[in-house]
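S.K.: one predicted model, sequence on top.
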Amino acid sequence: MDPVEIFRGDSPVVLGLPHTGLFVPDDVEAGFNETGKALADTDWNIHRLYEGVLPGATTVRATFHRYVIDANRDPTGRSLYPGQNTTTLCPLTDFNNDPLYLPGKEPNEAEIDRRLEAFHMPYHAALWAEIERIRSRHGIAILYDCHSIRSVCPFLFEGVLPDFNIGTNDGVTCDPDVERMTAEICALAEGYTSTLNGRFKGGWTTRHYGRPEAGVHAIQMELAQKSHLMTESHPYELDPLKAERLRGVLATILSSLEQWALERANEGG
């Protein structure tokens with residue numbers, strides 16, 4: 001299976017989808033225990049939630065599962081959140097801190113390098129190529145990285161996660177207008193809660209590509225799964241009413257970012 005799926009649009013907005021893939025190679029799955037095989041920490045149906053929300057947006061989607069290798073982690077293995085609980089480049093535990101592998105079947109350094117070359121690197125090569133294509137077209141590109149997680153996950157954070165969790169690495173990865181517009185739309189969305197640079201400040205993708213001084217603006221949106229799923233457990237189905245309501249807010253965010261980028265492009269950056 002190709003490690004990445006691409007839809008090429010002409011909007012200045014690029015959607016990254018690193019965690020919706022379900023593909024696990026047979027040799028990797030053979031080492032998983034039942035927890036690993038359950039693939040519970042998928043960003044369930046996020047690609048379906050965003051589909052068509054911004055016509056013309058480019059999408060770059062990883063087809064492989066994050067348990068194989070996490071496309072939103074630093075390829076060097078450096079932690080994004082030093083001193084806080086998190087999962088690693090090739091996760092050994094899930095979001096409950098339960099082991100994913102049978103004893104002795106965890107990936108060694110050579111296997112991690114193999115997965116980097118087979119999955120992580122092709123995804124990011126494709127993502128960067130699309131960002132560059134869009135920046136060449138418009139003089140500006142906005143990478144909007146799409147994520148979700150269950151709203152209660154004690155190993156990673158205390159309490160209940162807000163519906164919208166916006167990450168810009170404390171304003172480093174995008175123009176202040178991009179951050180402000182997104183935060184204001186979320187804060188004003190009736191019936192939803194939101195936070196900016198709370199537990200999730202943006203993963204490696206946002207931090208790596210966000211270079212506003214070079215015309216690439218990156219922002220991560222981590223949605224609490226209670227905002228769009230029927231249940232935050234198997235079978236993780238979209239709730240049609242929740243999803244349609246949420247898509248309206250997401251459309252406002254993405255269309256606002258698109259309009260801002262087009263205006264900046266017309267002004268010459």
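M.R.: On my side now, so go ahead. Numbers count the residues shown, from 1 in each chain.
S.K.: rest of the way, CA atoms for contacts and neighbours
M.R.: Will do.
S.K.: and stretch 11-31, what's its mean pLDDT?
M.R.: Mean per-residue pLDDT for stretch 11-31: 98.
S.K.: can I get the CA coordinates of that stretch in PDB?
M.R.: Coordinates of each C-alpha in stretch 11-31 appear next as PDB, following Å, rounded to 0.1, in the frame of the first residue of the first chain:
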ATOM      1  CA  SER A  11      -6.500  26.600  -2.400                       C
ATOM      2  CA  PRO A  12      -3.700  28.100  -0.300                       C
ATOM      3  CA  VAL A  13      -4.800  25.700   2.500                       C
ATOM      4  CA  VAL A  14      -3.200  22.200   2.900                       C
ATOM      5  CA  LEU A  15      -4.800  19.700   5.200                       C
ATOM      6  CA  GLY A  16      -2.500  17.200   6.900                       C
ATOM      7  CA  LEU A  17      -4.000  13.900   8.100                       C
ATOM      8  CA  PRO A  18      -1.200  11.900   9.800                       C
ATOM      9  CA  HIS A  19      -3.300   9.700  12.100                       C
ATOM     10  CA  THR A  20      -6.400   8.300  10.200                       C
ATOM     11  CA  GLY A  21      -4.600   5.500   8.400                       C
ATOM     12  CA  LEU A  22      -5.300   1.900   9.500                       C
ATOM     13  CA  PHE A  23      -2.700   0.000   7.500                       C
ATOM     14  CA  VAL A  24      -0.300  -2.300   9.500                       C
ATOM     15  CA  PRO A  25       2.100  -4.500   7.700                       C
ATOM     16  CA  ASP A  26       1.700  -8.200   8.500                       C
ATOM     17  CA  ASP A  27       5.200  -8.500  10.000                       C
ATOM     18  CA  VAL A  28       4.400  -5.600  12.400                       C
ATOM     19  CA  GLU A  29       1.000  -6.900  13.300                       C
ATOM     20  CA  ALA A  30       2.500 -10.200  14.200                       C
ATOM     21  CA  GLY A  31       4.400  -8.600  17.000                       C
END
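S.K.: ranges for the helices of this protein?
M.R.: 26-29, 34-38, 46-50, 109-115, 121-138, 176-188, 204-209, 240-266 (DSSP state H).
S.K.: which one of the ones you listed lies nearest to Q225?
M.R.: helix 46-50 (9.4 Å; C-alpha to C-alpha).
S.K.: run through who's touching the closest one.
M.R.: For helix 46-50, the surrounding residues in contact (C-alpha atoms under 8 Å, 6 or more residues apart in numbering) are 17, 20, 146-148, 243, 247, 250.
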